[in-house]
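**Q** Starting from these lines, generate the structure:
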Amino acid sequence: MKRLYLLLVTVVYFSGSLLAQNGLSPASYPNLALEFSNQNMNGNPLSFMPSVADGYGFGSYVDNPASMAFLKESQFSFSLFNQNTQTENTYLGNEIDAEHSATKLGDMGFVYKFPTRQGSFVIGGGYNRTASTNNAYRVSGRNNDNTITDSFLDPNSEYNELAFQTYAIDWGDVDSTYLESIFRIGFPPGTFPGIDQEADIRHSTYMGEYSFFAATEFMKDLFFGFSASYVSGEYTYRRDFLEYDSQNDYDGTFLEGSDIDNIFVQDEIDIDVYGGKFRAGIVYKIFSGVNIGASYMLPATIRVSENYYSSIETSLDDGSEPFFYDVASDGSFRYRIEQPGELKIGAALKDLAGFSVSASAEYINYENMEIDFISDSDLRLVDEVDLRAQQEDLNGFMESNYNSVTNFKIGVGKQLNDQAGIRAAYSFKPAISELTPGDTKIYSAGFDIKLGNGFIMDVSGHYLKKDDRSELYNYIDFDDQPQSTTFDISKQDVRIQVGFKVLF
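**A** Predicted structure coming up:
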């Protein structure tokens, strides 16, 4: 429960303009709510094409289940993807590159098209990856203004006890009336000589859906479809943070005859998520080659189970055995995230001078997103009342700082011959929040090629570039003002998807 309290307090402290400029920690609850609510990929290699008004592959049901009625043949599909993320991280004037790569299952599913005299009736199901992020940050620099130990002074933080037990913080006066960073003791208030800082931060999110869908032409030229999905995913966060006295500015003898050489902080968070999603949609064939469509995903509840581990190790100048203390959750902390609904509209043109064009717009109001810490908890009434008040502050913060957005996507395809086809798409996603500045632009391209009778290979590539900002830690300064220590990020993400499908 201590990690929960720490991050809630952080949000309350930083709900003003300062946070709007500086972003959030990847492990903060507002950021996690976005991570688990934001679809950023489709595991089916060809379904990067806007599919609200036409179907391109097994994963098209995510845009609109009704579009599956336009698939011409039954099929089984399977794909893998490799995602490589490179970041250039700028902190205290230093730039350091970091990289993270992973290969995962993209999709595995089937589509069965029932024989009909007229119209269409299609069912299908399987697994489809809908979110994948894998980030690595590396920062280094000499901080002459503040230290991570400043953030340990909050008595309600789990770090407070860890830091006190390891001398990262200690009594600031002989009467033991207040605690102070170990690097500020003995220096004038609000000052210290400085400290060298190194941090390695990695976090990843992988989510997917086990889904069933059905689509049919229930009236002439009017198609209806629905899908039901079980959502499953995981989030991991790792932070190694080192502060070390490279210039021997701290050379006293008041810590058992020695002084601090370095302080090493480790954090680990492992989260499992699950829930359900329901979609329904229609497509209307205006005339041959021209379709319009719309779909809606109902607001969804995602359940979250969290484990965390934190430790601090303090080493002294004399090389004696370090002071070490750690804390871990018992795995019982569970909460819910209430996700907003999604409305999509789109149009598709087929065989336009040999080309096919599709476009879509997606409206999501992230102001409606909420976190519920109460429903799945087993707390005493007095603790529940206190937690509910903090929960209201957190949800109010998200309502004030998150936006309603409209995402746009357009795609163009051409069937070169009976053996191969090519496609390309562009996506534009406005910033969800002022806390994560910068719009997202995604460029995609792909092709399919027939390898044999009824056997097809699908390949697609996706490129994303985005500037961002992230928080290392936050603290309250000597004027009781909230401060946030951040670094800038320039991110490039390349994802290659390769899939195979068997038509039958």
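**Q** The biggest strand by length in the chain pairs with which strands?
**A** For the chain, the strand with the greatest residue count under DSSP state E is strand 260-287. Counting by DSSP bridges, the strands paired with strand 260-287 are strand 222-244 (antiparallel), strand 290-297 (antiparallel), strand 300-316 (antiparallel).
**Q** Nearest to R138 among those strands would be which one?
**A** strand 222-244 (10.1 Å; CB to CB). For the C-beta atoms, the positions are set from N, CA and C on the backbone; glycine is no exception.
**Q** where does this structure have low pLDDT?
**A** Scanning the chain for pLDDT under 70 picks out 1-23, 435-437.
**Q** which is the next helix or strand following the longest helix along it?
**A** Taking DSSP state H as the assignment, the helix of the chain that covers the most residues is helix 381-401. Tracing the chain past helix 381-401, the next element assigned as helix or strand by DSSP states H and E is strand 404-415.
**Q** can you list contacts of that following strand?
**A** For strand 404-415, the surrounding residues in contact (CB atoms under 8 Å, 6 or more residues apart in numbering) are 48-50, 56, 354-367, 421-432, 444.
**Q** can you check stretch 212-221 too?
**A** 61, 65-69, 119-125, 223-229, 284-286.
**Q** how distant is the longest helix of the chain from the center of its chain?
**A** 22 Å (CA atoms, centre = their mean, to the nearest Å).
**Q** what's the answer for stretch 479-493, then?
**A** Using CA atoms, centre = their mean, the offset of stretch 479-493 from its chain centre is 17 Å.
**Q** can you pull the buried residues of that stretch?
**A** By 16 or more other CB atoms under 10 Å, the buried positions in stretch 479-493 come out as P482, Q483, S484, T485, T486, F487, I489, K491, D493.
**Q** likewise stretch 179-191?
**A** Buried residues in stretch 179-191, counted by 16+ other CB under 10 Å: L179, E180, S181, I182, F183, R184, I185.
**Q** got the contact list for the fourth one?
**A** It refers to I182. Counting by CB under 8 Å, 6+ apart, I182 makes contact with T149, Y167, A168, I169, D170, Y250, I260, I263.
**Q** can you rerun that using 7 Å?
**A** T149, Y167, A168, I169, D170, I260 (CB atoms under 7 Å, 6 or more residues apart in numbering).
**Q** Of those residues, which pair is most distant in space?
**A** Maximum pairwise distance among the contacts of I182 (CB to CB): 11.4 Å, between I169 and I260.
**Q** What segments of the protein are helices?
**A** Going by DSSP H, the chain shows helices at 2-13, 17-22, 29-35, 158-165, 381-401.
**Q** related to what we said a few turns ago, out of the contacts of strand 404-415, which end up buried?
**A** So, by 16+ other CB under 10 Å, the buried ones in these are 48-50, 56, 356-362, 364, 366, 421, 423-425, 427, 429, 431-432, 444.
**Q** so D240 sits right up against D200, yeah?
**A** Yes: applying CB atoms under 7 Å, one finds D240 in contact with D200, separated by 4.7 Å.
**Q** Tell me how far R142 lies from I169.
**A** In this view, R142 and I169 are 21 Å apart by CB to CB, to the nearest Å.
**Q** what does E217 give?
**A** For E217, the distance to I169 - CB to CB - is 69 Å.
**Q** Comparing those two, which residue is more hemmed in?
**A** With neighbours defined as other CB atoms under 10 Å, E217 and I169 compare such that I169 has more, 26 against 20.
**Q** Enumerate every residue touching that one.
**A** For I169, the contact set (CB under 7 Å, 6+ apart) comprises T149, F152, L153, A163, L179, E180, S181, I182.
**Q** same thing but at 6 Å, please
**A** Applying CB atoms under 6 Å, 6 or more residues apart in numbering to I169 gives the contacts T149, F152, A163, L179, S181.
**Q** Skip the chain neighbours and tell me the closest residue to the first one.
**A** I take that to be T149. Of all residues not flanking T149 in the chain, S181 sits nearest, at 4.1 Å (CB to CB, 6 or more residues apart in numbering).
**Q** hey, what's the one you found bridged with?
**A** If you apply DSSP bridges, the partners that S181 bridges to are I169.
**Q** before we move on, what about Y284?
**A** Beta-bridge partners, per DSSP bridges, of Y284: L222, I292.
**Q** Repeat that for D493.
**A** Applying DSSP bridges, one finds that D493 bridges with T85, L464.
**Q** That one is in contact with T85, isn't it?
**A** Yes: under the criterion of CB atoms under 6 Å, D493 makes contact with T85 at 4.8 Å.
**Q** Let me see the ranges of the strands in the stretch 101-250 of the chain.
**A** 121-143, 169-171, 179-181, 195-219, 222-244 (DSSP state E, counting those that start in this stretch).
**Q** and K113, which of the ones you listed is closest to it?
**A** strand 121-143 (5.1 Å).
**Q** Adjacent strands (with direction) for that closest one?
**A** Taking DSSP bridges as the criterion, strand 121-143 forms sheet pairs with strand 94-113 (antiparallel), strand 195-219 (antiparallel).
**Q** CA atoms of the first one as CSV?
**A** The reference is to strand 94-113. What follows is strand 94-113, C-alpha atoms only, in CSV (Å, rounded to 0.1, in the frame of the first residue of the first chain):
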residue,chain,number,x,y,z
ASN,A,94,24.5,14.7,-21.6
GLU,A,95,23.1,12.5,-24.4
ILE,A,96,23.1,8.7,-24.1
ASP,A,97,21.6,6.2,-26.5
ALA,A,98,19.7,3.1,-25.4
GLU,A,99,18.1,0.2,-27.2
HIS,A,100,15.6,-2.5,-26.5
SER,A,101,14.5,-5.3,-28.9
ALA,A,102,11.9,-8.1,-28.5
THR,A,103,10.2,-10.8,-30.7
LYS,A,104,6.7,-11.8,-29.8
LEU,A,105,3.6,-13.6,-31.1
GLY,A,106,1.5,-11.2,-33.3
ASP,A,107,-1.6,-13.2,-34.0
MET,A,108,-3.0,-16.7,-34.3
GLY,A,109,-6.6,-17.1,-35.5
PHE,A,110,-9.1,-18.4,-37.9
VAL,A,111,-11.9,-17.0,-40.1
TYR,A,112,-14.6,-19.3,-41.4
LYS,A,113,-16.9,-18.1,-44.2
